[in-house]
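> build the 3D model from these lines:
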Amino acid sequence: MTTPPDTAPAPEELVAPAVGDVPAEEANVWTEPLAAAEGAAAPALPAPAQEQAPAGEPGMAEEPESAGEEDPGSAGEAETDAQDAGEGGEGGESAVRRDAREFGAFARTGGWTFALKVARSVRPGGAPAGQADEPEPKVSAKEFARLAGCSAERVMRFWRAWDRAADDGVVPVFEALSPGVDIDLPDADVWLGYYTSRSSADSTRGQAISAVAEAEGIRPTKALEVAENPTALRAAILADPGTAQAARHALLDRLEDDPELAEELAKDIARTGELSKTVASAARVASSVEFVRDVIDSGEMTTPSGERVPAPEHVVTEAKQHLALIEGLDAEDEAPYVADAQKTMRTLVAEAVESDPQLRAHERRSRFQGKVRKAAKAFEELTLDDAADIYEEELLEQLETLQRAITDCIAELRASAQAEEPVRDGDDRGE
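Okay, here's the model as predicted:
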């Protein structure tokens, strides 16, 4: 760099020795700026590495020792010191070292690094009147956010994360912290359990979502993000079969604890024609499978009259074979085989009832009693408040026919009972 024509020559002690007739720019001659010539204080700049001023001269670097006298192993330290001097100035920390130190602190502690800055400097609402005269009182979240150039809401998310951790004893309480004072911080992995970047996490709904997310082994922020954007959830369900399956399983798990949702879902299915038919068909298949499975699990069978009686061994064995076949089928092939299995099992049950005289008599009696009870209940539910409007000749004839059938039935039952009494008396006397 050449000297401007209107600038006085630099002081002799600031000029490196000339090298032959090489111009000043090629000889790396340092020239004092114009401001220095006019009396202004010139900044202290390091001399080029290849230039060394004589020892003791002001403003010049000390002359290094000769190569022969240099301490072994100090080459690396000298290079680092030179970098420190060039980047951070004399006695200061280099920018590279400072960045590395701050990066290491954040890598070890993660968000705790920034949460500490908030926790030790922020008191929501600002410092009380009695503490306003402290050397450096804490400020409100709004003021801290203004100084930081961000929103108060973001500041409070860090504040609340520290508060939750303090409740668990992971970090000190706010009152034990002072502005500018560092403390030992937990590991970075612990931070994820207390901080959420979503404001909805503080609501009752958000806390419930976060709790379930943790129980499922996922980060609460993921679940909260989905809950805040139902349209995105709908798009994922419509586009991705895997997401639709996950949603289906979640709905089924929720139906047990949410009767209102179950009722609404049932109504939606009933209003959809094709879907209601599919549900009815699936219900029949499930009922048939349950009929076969019940024989295996309980060891009992249900007779045509609805009575529960022990199932013979061959009936249980047949049920196991059918169930094994059904479980090995695909869903689309299941329905016809299930219907055939149920039909076969009903036939086996009926044959078992007929082959056992005692069971057959019990079954006939139960069936008859069931029909009588059903008819009696139907008549009990009849009301004759508007008999004049109900009367029809054909209806009256049907009732008279029914009355004669009931009378004949009663007479038959009484005759059978009287015929059995002498036999029972004879059996008693024989005993």
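
> now do the longest helix belonging to the chain, average pLDDT.
Criterion DSSP state H: the longest helix present in the chain is helix 393-430. Along helix 393-430, the predicted confidence averages to a pLDDT of 77.

> then stretch 278-290?
83.

> what about the strands in this protein?
Secondary structure of the chain (DSSP state E): strands at 300-302, 308-310.

> closest to Ala378 out of those?
Shortest separation from Ala378 across the strands of the chain is recorded for strand 300-302, at 23.9 Å, computed as C-beta to C-beta. No exception for glycine: its C-beta is placed from N, CA and C like everyone else's.

> what separation is there between Ser416 and Arg360?
When distance is defined by C-beta to C-beta, to the nearest Å, Ser416 is 17 Å away from Arg360.

> more neighbours, those two?
More neighbours sit around Arg360 than around the other of Ser416 and Arg360, counting by other C-beta atoms under 10 Å; the figures are 14 against 9.

> so that one touches Ala352, yeah?
No - taking contact to mean C-beta atoms under 8 Å, the distance of 9.8 Å between Arg360 and Ala352 leaves them out of contact.

> skipping its backbone neighbours, what lies nearest Lys320 in space?
Ile296 (5.7 Å; C-beta to C-beta, 6 or more residues apart in numbering).

> contacting residues for that neighbour?
With C-beta atoms under 8 Å, 6 or more residues apart in numbering as the criterion, the residues that contact Ile296 are 316, 319-320, 323.

> nearest to Phe158, out of the residues you listed: which one, please.
Taking C-beta to C-beta as the measure, Leu323 is the one of the contacts of Ile296 closest to Phe158, at 58.4 Å.

> and for that closest one, nearest residue in space, chain neighbours not counted?
Nearest residue to Leu323 in three dimensions, chain neighbours excluded: Val292, at 5.4 Å (C-beta to C-beta, 6+ apart).

> relative to Val285, how far out is that neighbour?
Note on Val292: its distance to Val285, by C-beta to C-beta, is 11 Å.

> between these two, which contacts overlap?
Val338.

> most surrounded residue in the contacts of Ile296?
Each of those was scored by neighbours using other C-beta under 10 Å; the highest score is Ala319's, at 23 neighbours.

> burial measure for the residue nearest to it when sequence neighbours are not counted, as a count.
Closest residue in space to Ala319, ignoring its immediate chain neighbours: Val295 at 4.2 Å, by C-beta to C-beta, 6+ apart. As a burial measure, Val295 scores 23 neighbours (other C-beta under 10 Å).

> next up, the contacts around Val295.
Contacts for Val295 (C-beta under 8 Å, 6+ apart) come out as 301, 311, 315-316, 319, 345.

> same check, this time on Thr302
For Thr302, the set of contacting residues under the criterion of C-beta under 8 Å, 6+ apart consists of 291, 294, 308, 349.

> hmm, try it at 7 Å
Residues in contact with Thr302, defined by C-beta atoms under 7 Å, 6 or more residues apart in numbering, are Arg308.

> from Ser140, how far out is it?
According to C-beta to C-beta, Thr302 and Ser140 sit 73 Å apart.

> repeat for Ala319
74 Å.

> per-domain residue ranges of this protein.
By the record's domain assignment, the chain is partitioned as 1-45, 105-195, 231-262, 273-362 (automatic domain parsing).

> how long is the shortest one from one end to the other?
Pointing back at domain 231-262 there. 22 Å (C-alpha to C-alpha, to the nearest Å).

> residues of it that come out buried?
Buried residues in domain 231-262, counted by 16 or more other C-beta atoms under 10 Å: 236-237.

> how far away from the center of its chain is it?
Relative to its parent chain, domain 231-262 has a centroid offset of 14 Å by C-alpha atoms, centre = their mean, to the nearest Å.

> and if you look at the second one?
Here domain 105-195 is found 27 Å from its chain centre; the criterion is C-alpha atoms, centre = their mean.

> what's the span of that domain, first residue to last?
Criterion C-alpha to C-alpha; first-to-last residue distance in domain 105-195 is 18 Å.

> so for that domain, what's the average pLDDT?
The average of the pLDDT scores along domain 105-195 is 85.

> quick one: Ala239 from Leu233, how far?
With C-beta to C-beta as the criterion, Ala239 and Leu233 are 11 Å apart.

> buried stuff in stretch 269-276?
With burial defined by 16+ other C-beta under 10 Å, not one residue of stretch 269-276 is counted as buried.

> and the contacts of that stretch?
Residues external to stretch 269-276 that are found in contact with it (C-beta under 7 Å, 6+ apart): Val279.

> and the end-to-end length of that stretch?
Taking C-alpha to C-alpha, the span from the opening residue of stretch 269-276 to its closing residue is 5 Å.

> just to revisit the earlier point, number of residues surrounding the residue nearest to Leu323?
By the other C-beta under 10 Å criterion, the neighbourhood of Val292 contains 20 residues.

> and what of Met301?
When neighbours are defined as other C-beta under 10 Å, Met301 has 23 of them.

> same thing with the one 4 residues further on?
If you count neighbours by other C-beta under 10 Å, Ser305 ends up with 16.
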